[in-house]
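Undergrad: Structure for this input, please:
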Amino acid sequence: MSSPATAPPAPNNLKRIVAASLIGTTIEWYDFFLYGSAAALVFNKLFFPDSDPLVGTLLSFLTYAVGFAARPLGALVFGHYGDRLGRKKLLVLSLLMMGGATFAIGLLPTHATVGSAAPVLLTVLRLVQGFALGGEWGGAVLLVSEHGDARRRGFWASWPQTGAPAGQLLATGVLSLLTAVLSESAFGAWGWRVPFLLSGVLVIVGLWIRLSVDESPVFKQALERAEAREADAGPERMPVVAVLRHHWRDVLVAMGARMAENISYYVITAFILVYATTSAGVSKQTALNAVLIASAVHFAVIPAWGALSDRLGRRPVYLIGAIGVGLWMFPFFALIDTGGFGSLLLAVTVGLVLHGAMYAPQAAFFSEMFATRMRYSGASIGAQFASVAAGAPAPLIATALLADHGSSTPIALYVIAASLLTVVAVAVAKETRHRDLADVAPSADGERSVGRTPAARTF
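TA: Presented below is the predicted three-dimensional model:
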């Protein structure tokens, strides 16, 4: 019989929690992806005008990568306090930081106005964005994972993951609309600011919803147990120290699992705006439209992949995505090279569907690896430290390879190598889908004590 902490919540309550996590992650990813799209389309001209076009794009993507560099720091800070104070408080703070930085980007003077101070200010705000996002992901997926039950955790926890394509959809949609209705000169002069300023409205909506949900019952129960232990045995170790002692293998698995997922996503959605327009002769609007439609499909398939992971397991579904993305890379670029919209749309859509097979089970998979009082830290560290080596340099590396070789072959091989690394990491991992999150805790001898469920025994 389930304990109160692990009993499934009322359907309406769970849906409200899922909605709060989804809307918050959508807003934060909208802010983050908006920068990536703007970096590919206009920031090279507005903030790095003295460089030739491709070098300007590289410099623009470099400021884009800076946001990833701040994500591990955000993971450490938000993870520490999220494991000490709770998931909800930190999620509210991350939303405020991300929205505030994005709104401020919309007010920035350009290089033409303040010279070299413009890219410096842009980089500082990008660091704030990255810091906030580093703490957002772990809290959002844990809030849902710790409210739900093990039988459908993969499905429910995948909904915050749809915030990424939803944010991409929203950011690309707003940019696509503006580039369609505005002249290129108007968009470069002031139109690019509009989607950044809209973030202020979205943050108000997101805060209203996030403040209405309850803290994770699993976390509250674990906090009570920890306070009782501290009265007898003294303070707990810092969550980061505990993660590195009890869960270092899981951190490495999570980092390896992220490589193909992260690299392929930014090649498919961010670098494509450079490749399609410079190498395949596709217009900016056409490339944006393809990403827009494919992101809608991506949004729809993520919960389906999450539900499948509840039936087959996290590992099999994840491996489908990792292997599939690697196999798709050469057809992906071949289709784009045709220059047709249908071929471009097919390339991006299939790529994102395969990416979804990795991204959907990732939330439950990573949550199930770690003990409650170090789960925010462990999941965030594993995910965000990998992003520095994976998603951060992916558009930069892809653009540099294109500049050096003038061919998509090295870029395809780059993604394939990441896929092989992810396949190895997931293949050596333990299956986690039957774990009871309330029972996962470090034992006194340093090994993990993981609860049983009727369906399976896990370690």
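Undergrad: Now do stretch 287-294: distance to the chain's middle.
TA: 19 Å (C-alpha atoms, centre = their mean, to the nearest Å).
Undergrad: Please shift the residue numbers so they start at 563 in all later answers.
TA: Let's use 563 as the start, then, which means that last one is stretch 849-856.
Undergrad: any idea where the strands of the stretch 913-1021 of the chain begin and end?
TA: Listed in chain order, the strands of the stretch 913-1021 of the chain (DSSP state E, counting those that start in this stretch) span 1003-1004, 1010-1011.
Undergrad: And those, which one averages the lowest pLDDT?
TA: Lowest mean pLDDT within the strands of the stretch 913-1021 of the chain: strand 1010-1011, a mean of 42.
Undergrad: what's the neighbour count on residue 740?
TA: Each residue near residue 740 was counted by other C-beta atoms under 10 Å, and the total is 17. Every C-beta, even on glycine, is put in place using the N, C-alpha and C of the backbone.
Undergrad: actually residue 743, not the one I typed
TA: Neighbour tally, residue 743, other C-beta under 10 Å: 10.
Undergrad: Pass me the low-pLDDT residue ranges in the stretch 763-912 of the chain, would you?
TA: 791-799 (pLDDT under 70).
Undergrad: which stretches of it form helices?
TA: 779-795, 801-808, 810-828, 834-840, 846-874, 876-899, 903-929 (DSSP state H, counting those that start in this stretch).
Undergrad: Need these in CSV (columns: mean neighbour count and distance to residue 692).
TA: Converted to CSV, the helices of the stretch 763-912 of the chain look like this (neighbours: other C-beta atoms under 10 Å; distance: least, C-beta to C-beta, whole Å):
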stretch, mean neighbour count, distance to residue 692
helix 779-795, 14, 25
helix 801-808, 19, 19
helix 810-828, 24, 14
helix 834-840, 22, 20
helix 846-874, 21, 21
helix 876-899, 21, 24
helix 903-929, 25, 19
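Undergrad: Residue 577 is nearest to which of these?
TA: Shortest distance between residue 577 and the helices of the stretch 763-912 of the chain, using C-beta to C-beta, is found for helix 846-874: 12.9 Å.
Undergrad: mind checking which of the helices of the stretch 763-912 of the chain is nearest residue 995?
TA: helix 876-899 (5.5 Å).
Undergrad: what is the mean pLDDT for the host helix or strand of residue 684?
TA: Per DSSP states H and E, residue 684 falls inside helix 679-707. Here helix 679-707 scores 86 as its mean pLDDT.
Undergrad: in it, what's buried?
TA: 680-681, 683-684, 687-707 (16 or more other C-beta atoms under 10 Å).
Undergrad: what angle do the helix or strand containing residue 584 and helix 679-707 make?
TA: Per DSSP H and E: residue 584 is located in helix 573-600. Interaxial angle, helix 573-600 versus helix 679-707 (axes from the mean of the first three to the mean of the last three C-alpha atoms, to 10 degrees): 160 degrees.
Undergrad: Going by contacts, tell me the helices and strands next to helix 573-600.
TA: helix 615-647, helix 649-667, helix 679-707, helix 715-723, helix 725-743, helix 755-759, helix 761-772 (3 or more C-beta pairs under 8 Å, 6 or more residues apart in numbering; DSSP states H and E).
Undergrad: per-residue confidence averaged over stretch 628-641?
TA: 86.
Undergrad: Contacts for it, please.
TA: Identification of contacts with stretch 628-641 by C-beta atoms under 8 Å, 6 or more residues apart in numbering yields 594, 597, 652, 655-656, 685, 688-698, 700-701, 801-802, 938-943, 945-947, 949-950, 953-955.
Undergrad: Tell me the buried residues in that stretch?
TA: Here stretch 628-641 shows 628-634, 636-641 as buried, counting by 16+ other C-beta under 10 Å.
Undergrad: Repeat that for stretch 762-771.
TA: 764, 765, 768, 769, 771.
Undergrad: and which of the residues you listed is nearest residue 934?
TA: Distance to residue 934 across these (C-beta to C-beta) is lowest for residue 771, with 24.6 Å.
Undergrad: which residues does the closest one contact?
TA: 581, 582, 585, 586.
Undergrad: one more time with 7 Å
TA: 581, 582, 585 (C-beta atoms under 7 Å, 6 or more residues apart in numbering).
Undergrad: what does residue 883 give?
TA: Contacts of residue 883 by C-beta under 7 Å, 6+ apart are 916, 917, 918, 919, 920.
Undergrad: Which residue, neighbours along the chain excluded, lies closest to residue 683?
TA: residue 670 (5.7 Å; C-beta to C-beta, 6 or more residues apart in numbering).
Undergrad: so how far is residue 686 from residue 763?
TA: Per C-beta to C-beta, to the nearest Å, residue 763 is found 23 Å from residue 686.
Undergrad: Repeat that for residue 766.
TA: In this structure, residue 766 and residue 686 are 24 Å apart, going by C-beta to C-beta.
Undergrad: One more: residue 871?
TA: Distance of residue 871 to residue 686, given as C-beta to C-beta: 39 Å.
Undergrad: Then residue 984?
TA: With C-beta to C-beta as the criterion, residue 984 and residue 686 are 33 Å apart.
Undergrad: What is the burial count for residue 736?
TA: Residues near residue 736, counting by other C-beta under 10 Å: 17.
Undergrad: In contact with the closest residue in space to it that isn't next to it in sequence, which residues are there?
TA: If the residues on either side of it in the chain are set aside, residue 736 comes closest to residue 757, at 4.3 Å by C-beta to C-beta, 6+ apart. Applying C-beta under 7 Å, 6+ apart, we find residue 757 in contact with 596, 733, 736, 737.
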